[in-house]
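S.K.: Predicted model follows, preceded by the sequence.
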Amino acid sequence: MKIKFCGAARTVTGSCYLIDNGETKFVVDCGAFQGIDSYEKNREPFPFDPSTIDYIFLTHAHYDHCGRLPILIKQGFHGRIISTQPTRDLTKLVLLDSAKLQQEDFERWEVRAKESDNPELIEKNRPLYSESDVEATMDLFEIYPYG
């Protein structure tokens, strides 16, 4: 069995662990980074091919545990996301809120970029994901009861 720390190592955000037992690959959490350098860290490619992952086990709905799920799906993950119903419901709220905030930030950057005649700012500050990406993420959830 191999375990790879893909986040929350030497930091408290970006929780993501890849486990490979030779037959199945799964990820425990897929969180966003927060704080210094988070903008760049959240845009870095995953250190694994998302299309090869069979499952994601989501422990809870904090942003630093679920915030990059839509990015993983956009990059090819098509397996199941395993969680409890409350975790799924709260994850949807957290991700929709994040998508909305990202869009609002992008719109402010877009105005600044046009005013400063700097189109690079527009591309650099595009949202990581949209509300429709969040909805696609929610379709992959498989709910299990506590215990």
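M.R.: All right, it came through fine. Residues are numbered from 1 along each chain as shown.
S.K.: Does I122 touch R112 like I think?
M.R.: No: look at I122 against R112 with CB atoms under 8 Å: they stay out of range, at 9.3 Å. Where C-beta positions appear, they are placed from N, C-alpha and C, glycine not excepted.
S.K.: Which residue of those two possesses the greater neighbour count?
M.R.: Using other CB atoms under 10 Å, the more surrounded residue of I122 and R112 is I122, with 15 against 12.
S.K.: any idea how far the more buried one lies from E115?
M.R.: 12 Å (CB to CB, to the nearest Å).
S.K.: so for stretch 46-55, what's the average pLDDT?
M.R.: Averaging pLDDT along stretch 46-55 yields 97.
S.K.: Enumerate the positions of it that are buried.
M.R.: 46, 48, 50, 53, 55 (16 or more other CB atoms under 10 Å).
S.K.: Test my guess that the fourth one contacts T24.
M.R.: No: assessed by CB under 8 Å, I53 is found out of contact with T24, at 9.3 Å.
S.K.: Remind me what the worst-scoring helix or strand of the chain on mean pLDDT packs against, helices and strands.
M.R.: In the chain, the helix or strand scored least confidently by mean pLDDT, DSSP states H and E is helix 120-124, which has a mean of 74. On a contact count with 3 or more CB pairs under 8 Å, 6 or more residues apart in numbering; DSSP states H and E, helix 120-124 meets helix 85-115.
S.K.: name the helices or strands packed onto the helix it packs on?
M.R.: helix 63-66, helix 69-74, helix 120-124, helix 131-138, strand 141-143.
S.K.: Include distance to K4 when you put these into a markdown table, please.
M.R.: Listed next are those as a markdown table, based on distance: least, CB to CB, whole Å:
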| stretch | distance to K4 |
| --- | --- |
| helix 63-66 | 17 |
| helix 69-74 | 15 |
| helix 120-124 | 29 |
| helix 131-138 | 22 |
| strand 141-143 | 23 |
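S.K.: With respect to R80, which of the ones you listed lies nearest?
M.R.: The closest of the helices and strands packed on helix 85-115 to R80 is strand 141-143. By CB to CB, the value is 4.4 Å.
S.K.: Point out the other helices and strands that that closest one packs with.
M.R.: Here strand 141-143 touches strand 80-83, helix 85-115, going by 3+ CB pairs under 8 Å, 6+ apart.
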